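Peer 1: mind looking at a prediction? Sequence and model below.
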Amino acid sequence: MTLHSTPGMRLACLMALVLAGQYSLPAAARAELTLPAAEQLALSADPAIIARESRAQALQNQAVADGQLPDPKLLLGVWNVPLDDFSLEKEPSSQVRAGISQAFPRGDSLKYRRGHTEWLGRAERDAMRNARAEIRRDVREAYLELFFQEQAADIIARSRRLFEQLVDITRAHYASGRVSQQDVLQAQLELSRLDERATNIDALRDVQRAALSRWIGSAAEQPLGTHFPALPALPTLETLTAGLAEHPAISAASARVQASQARVREAREQYKPGFNIGVEYRKRFGDNADGSDRPDQMAAMITLDLPVFTEKRQDKQLSATQLRSEAAIQLREQQLRELQRTLAGDYARWKKLGEQQQLYHDHLLREAGDNASSAVHAYQSGTTEFTSLMRARISELDIRLQDIRIRVDRAKARARLLYLSPEAGITAQAPQGELP
């Protein structure tokens, strides 16, 4: 809007702008990047998720291999061959042997070894779920912060037009002798300060866009949606607290505990003997003294491990696996406590920000607008100084910026709380309406 005619008409138009509170967002001129779209882009081809999925599949395959018996061994050879002519028929003890043997590991070692690898695979899959939840949380926070910078830039731009009009009005009043030169200089100073704030916001906006591009690439250059980003419904504090034990990070830690306990069971199996079974066919050559053929022979054998001296092998191995299992249990407990601490802090922050948001919605925004309108009327009637008018306008601007800051910070706290919910939804709710 361009103000014409007398300073009084300009001031009246300015008052109308203040009362109208023209801070609505313009319609998107091109394709908008919504929060659900950003989440989908980030989750569709993230290297960390792909890597964990590959490791989980590798461990699943490895578990099948770990549960199999060792490959049988084939024996082929000749025995008792004379070195003078290498004849197999000259000496009655010469033989050609062919045999096969199979080793059987100690006790149920194979079962527990396979179980260990299977649990590691489950841990990777849970870690993949956790990575997806972390990415979703980080994308939401980056998107929300960029959204704040966009809205702050828009509020500053709209306020600048009003401050420009104040400068024009002040100059007109100065020309007519109604105000001093100091009022003109102060109006120009506040306009320059507003430009400085706009420059800082632009820099922060570029930083946040770069942070978002880490997850979605060049799509971060798209303009953001005009609606305040909607997030899934937040469960109650009791539900969140009870669900921490099922959080993907804790599930992954629990799977690692199970894997370490499988190692302990495998170590206990090492006190049992392993054995090897073999069968041989022995081909004999030449004739007996009476001219008859020498009969072929066969052999069957079993070889047993003798775990007799266990002090420095089996005992130490069992102790080591037990200590590693205890370490895994304590690590899981530490992670659970960390999640509990994070939940308590983020929930308290979310609740407090909700109270502040309600205060701004019910009182501060309206009171700031009324104060600015009153200052305009008072300045127009000559009952207040220009300093009071500028202070009222700057106060209204700061309150509007703080309002969107609180709303965004509360949404970020909500995103962190949703990360702590194992059953948190991915699809956002319907848009909740445009910003005031």
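Peer 2: Received it, and whenever you're ready, just let me know what you need.

Peer 1: going forward, measure contacts and count neighbours with C-alpha atoms only.
Peer 2: Fine.

Peer 1: the chain: strands as residue ranges?
Peer 2: In the chain, the segments counted as strands under DSSP state E are 73-79, 95-104, 275-284, 297-304.

Peer 1: give me the average confidence score over the third one.
Peer 2: Think strand 275-284. For strand 275-284, mean pLDDT rounds to 92.

Peer 1: give me the contact list for it.
Peer 2: Contacts to strand 275-284, defined as Cα atoms under 8 Å, 6 or more residues apart in numbering, come from residues 75, 92-106, 294-305.

Peer 1: and those, which of them are buried?
Peer 2: By neighbour count, with 16 or more other Cα atoms under 10 Å, those hold 92, 94-99, 101-106 as buried.

Peer 1: hang on, the earlier thing: next, format the strands of the chain as CSV and append distance to residue 197.
Peer 2: As requested, the strands of the chain are exported to CSV (distance: least, Cα to Cα, whole Å):
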stretch, distance to residue 197
strand 73-79, 79
strand 95-104, 76
strand 275-284, 80
strand 297-304, 82
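
Peer 1: quick one: which of those strands is nearest residue 403?
Peer 2: Closest approach to residue 403 among these is made by strand 95-104 (71.5 Å; Cα to Cα).

Peer 1: quick one, the closest one and strand 297-304 angle?
Peer 2: Strand 95-104 and strand 297-304 are oriented at 30 degrees to each other (axes from the mean of the first three to the mean of the last three Cα atoms, to 10 degrees).

Peer 1: with just CA atoms, put strand 95-104 into PDB.
Peer 2: Written as PDB, here are the backbone C-alpha positions of strand 95-104 (Å, rounded to 0.1, in the frame of the first residue of the first chain):
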ATOM      1  CA  GLN A  95      47.600 -99.500   1.200                       C
ATOM      2  CA  VAL A  96      45.600 -96.800  -0.500                       C
ATOM      3  CA  ARG A  97      43.200 -95.200   1.900                       C
ATOM      4  CA  ALA A  98      40.100 -93.100   1.300                       C
ATOM      5  CA  GLY A  99      38.000 -91.800   4.200                       C
ATOM      6  CA  ILE A 100      35.700 -89.100   5.500                       C
ATOM      7  CA  SER A 101      35.400 -87.500   8.900                       C
ATOM      8  CA  GLN A 102      33.000 -85.100  10.500                       C
ATOM      9  CA  ALA A 103      33.600 -82.900  13.500                       C
ATOM     10  CA  PHE A 104      30.900 -82.100  16.100                       C
END
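
Peer 1: so which residues make contact with that strand?
Peer 2: Under Cα under 8 Å, 6+ apart, the answer for strand 95-104 is 69-81, 88, 274-285.

Peer 1: make it 6 Å
Peer 2: 72-79, 274-284 (Cα atoms under 6 Å, 6 or more residues apart in numbering).

Peer 1: quick check: the gap between the residue lying closest to residue 368 once chain neighbours are set aside and residue 377.
Peer 2: Distances taken as Cα to Cα, 6 or more residues apart in numbering put residue 396 closest to residue 368, at 5.0 Å, once the chain neighbours are dropped. Distance, residue 396 to residue 377, by Cα to Cα, to the nearest Å: 16 Å.

Peer 1: now restrict the contacts of strand 95-104 to buried residues only.
Peer 2: Buried among these by 16+ other Cα under 10 Å: 274, 275, 278, 279, 280, 281, 282, 283, 284.

Peer 1: out of those residues, which is nearest to residue 410?
Peer 2: residue 274 (62.2 Å).

Peer 1: now that closest one: how far from residue 108?
Peer 2: Relative to residue 108, and taking Cα to Cα, residue 274 is found at 10 Å.

Peer 1: cool, residue 306 as well?
Peer 2: Noted for residue 306: a distance of 16 Å to residue 108, by Cα to Cα.

Peer 1: more crowded one of these two?
Peer 2: Ranked by neighbour count (other Cα atoms under 10 Å), residue 306 and residue 108 place residue 108 first, with 16 against 12.

Peer 1: just give the closest residue to the more buried one, not the sequence neighbours.
Peer 2: Per Cα to Cα, 6+ apart, closest to residue 108 is residue 269, 6.4 Å.

Peer 1: so the one you found makes contact with residue 110?
Peer 2: No. Residue 269 is beyond contact range of residue 110, at 9.7 Å (criterion: Cα atoms under 6 Å).

Peer 1: what is in contact with those two at once?
Peer 2: With Cα under 6 Å, 6+ apart, residue 269 and residue 110 have no common neighbours.

Peer 1: how many other residues sit next to residue 56?
Peer 2: Going by other Cα under 10 Å, the residues that sit close to residue 56 add up to 24.

Peer 1: that one and residue 252, how far apart?
Peer 2: For residue 56 relative to residue 252 (Cα to Cα), the value is 12 Å.

Peer 1: kindly report the same for residue 372.
Peer 2: From residue 372 to residue 252 the distance is 56 Å (Cα to Cα).

Peer 1: please apply the same query to residue 365.
Peer 2: Residue 365 is 47 Å from residue 252, by Cα to Cα.

Peer 1: these two: who's more crowded?
Peer 2: For residue 365 versus residue 252, neighbours defined as other Cα under 10 Å are more numerous around residue 252 (25 against 19).

Peer 1: count of neighbours near the residue nearest to that one when sequence neighbours are not counted?
Peer 2: What sits nearest to residue 252 in space, not counting adjacent residues and going by Cα to Cα, 6+ apart, is residue 123, at 4.2 Å. Using other Cα under 10 Å, residue 123 is surrounded by 27 other residues.

Peer 1: starting at the chain centroid, how far to the lengthiest helix in the chain?
Peer 2: Counting residues, the longest helix found in the chain (DSSP state H) is helix 109-175. Centre-to-centre, helix 109-175 and its host chain are 12 Å apart (Cα atoms, centre = their mean, to the nearest Å).

Peer 1: from the contact counts, what lies against that helix?
Peer 2: Under the contact criterion of 3 or more Cα pairs under 6 Å, 6 or more residues apart in numbering; DSSP states H and E, helix 109-175 touches helix 47-66, helix 181-216, helix 248-269, helix 386-419.

Peer 1: out of these, which one sits most buried?
Peer 2: helix 248-269 (a mean of 24; mean count of other Cα atoms under 10 Å).
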